[in-house]
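J.: 3D model of this:
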Amino acid sequence: MSDLVVDGQRFSWRHLDWPVFSAILALHIGCLAVFLLPFEWEMLGLALLLWWVCGGLGICLCYHRLLTHHSFKTPAPVKYFLTILGNLNWQGSPIHWVGIHRLHHHHSDEEHDPHSPRHGFTWAHILWCMVKDPNGNNARAAARDLQRDKVMAFLDRYYFIPQFFLAGILLVAGAWNWGGGWSWSHGLAWVVWGVAIRTVFVYHSTWFVNSAAHTWGYRNFKTTDNSRNTWWVSILGFGEGWHNNHHALQRSAAHGMKWWEFDLTYLTIRLMGLLGLAWDIVTPDNAEVGAGHSH
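T.: Just a heads-up that it's a prediction; the model follows:
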């Protein structure tokens, strides 16, 4: 099979991570089932709720600000529960996800950045995650602190399983008590909206941080990379689109720095602090400029 050239970059099929590629492809195709199944407004509400629970809490709050950058601390059971929510997005195992993102900060918009638009916008948005160790990086080596945690290592090994449990719960919950009986077509519709459509939406919301937020937007800080603050990415990513701010103050739990830079993830962390579920919250005032993660 010949190589594919995208955005002027050569994409080798030999290096394709087939399990990841197959899962991403299957979920995108699965979204088309929405045209064959019944629709009720609560299905859209379900997808929106899970977008925040799985994407907002699991990826933005947990994988990114907690596990990658240690922007705050939380009790171990809360950390592991949030990690399971992150696993529901099928963005790879948490240790690999964290390692890739740390490498992105270490080599941001340089040759060894795993997903820089300088290697092509399509590469930065989606293709990078379909190959094993993009640009020759060893992602897991960048997250050895998480590998030393036995519970995290367990959640990392079996990261793909929670999605199947969620699909089963949605299938039964959606099928139960429709008009006094069971409607498996409604159950399947819940699975399509709550798993396929929601996961694909979170995929692209996350990937736009890598692609769009390094291409379009404004800059509050003069960083060495091309990170940008992109308002619409912040809407999709619960504050993650204030990406130039984040690259300047990487450990800060707050990504929005101006009054109009709304950051729902940071507000959630502050609420956790009021409830005693978060402490040592790193703010822009005490975040070292240019500092990344701590091992």
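
J.: quick one: buried residues of stretch 140-153?
T.: By 16 or more other C-beta atoms under 10 Å, the buried positions in stretch 140-153 come out as 140, 142-143, 146, 149, 152. (C-beta placed from N, C-alpha, C; glycine too.)

J.: er, stretch 212-224 actually
T.: So, applying 16+ other C-beta under 10 Å, buried residues of stretch 212-224: 212-215, 217, 223.

J.: what does stretch 84-102 give?
T.: When burial is assessed from 16+ other C-beta under 10 Å, stretch 84-102 yields the following buried residues: 84-102.

J.: How far off centre is that stretch?
T.: 7 Å (C-alpha atoms, centre = their mean, to the nearest Å).

J.: now stretch 130-141
T.: That offset, for stretch 130-141, works out to 17 Å (C-alpha atoms, centre = their mean).

J.: Can you tell me the element D145 falls in?
T.: Here D145 sits within helix 144-147, counting by DSSP states H and E.

J.: if you go through the protein in chain order, where are the helices?
T.: Assigned helices in the chain, in chain order: 18-30, 41-50, 76-87, 94-106, 121-125, 144-147, 150-157, 161-175, 184-191, 198-210, 231-236, 243-248, 264-274 (criterion: DSSP state H).

J.: buried ones in the fifth one?
T.: It stands for helix 121-125. Those would be 121, 123-125, for helix 121-125 by 16+ other C-beta under 10 Å.

J.: Report all helices and strands that it contacts.
T.: Taking 3 or more C-beta pairs under 8 Å, 6 or more residues apart in numbering; DSSP states H and E as contact, the helices and strands that helix 121-125 lies on are helix 198-210.

J.: Looking at the helix it packs on now, give me its mean pLDDT.
T.: Helix 198-210 carries an average pLDDT of 97.

J.: which regions of this protein lie under the pLDDT threshold?
T.: Applying pLDDT under 70 to the chain flags the ranges 1-13, 134-136, 177-180, 287-295.

J.: Closest to L249 out of the buried residues of helix 121-125?
T.: Distance to L249 across the buried residues of helix 121-125 (C-beta to C-beta) is lowest for A124, with 22.3 Å.
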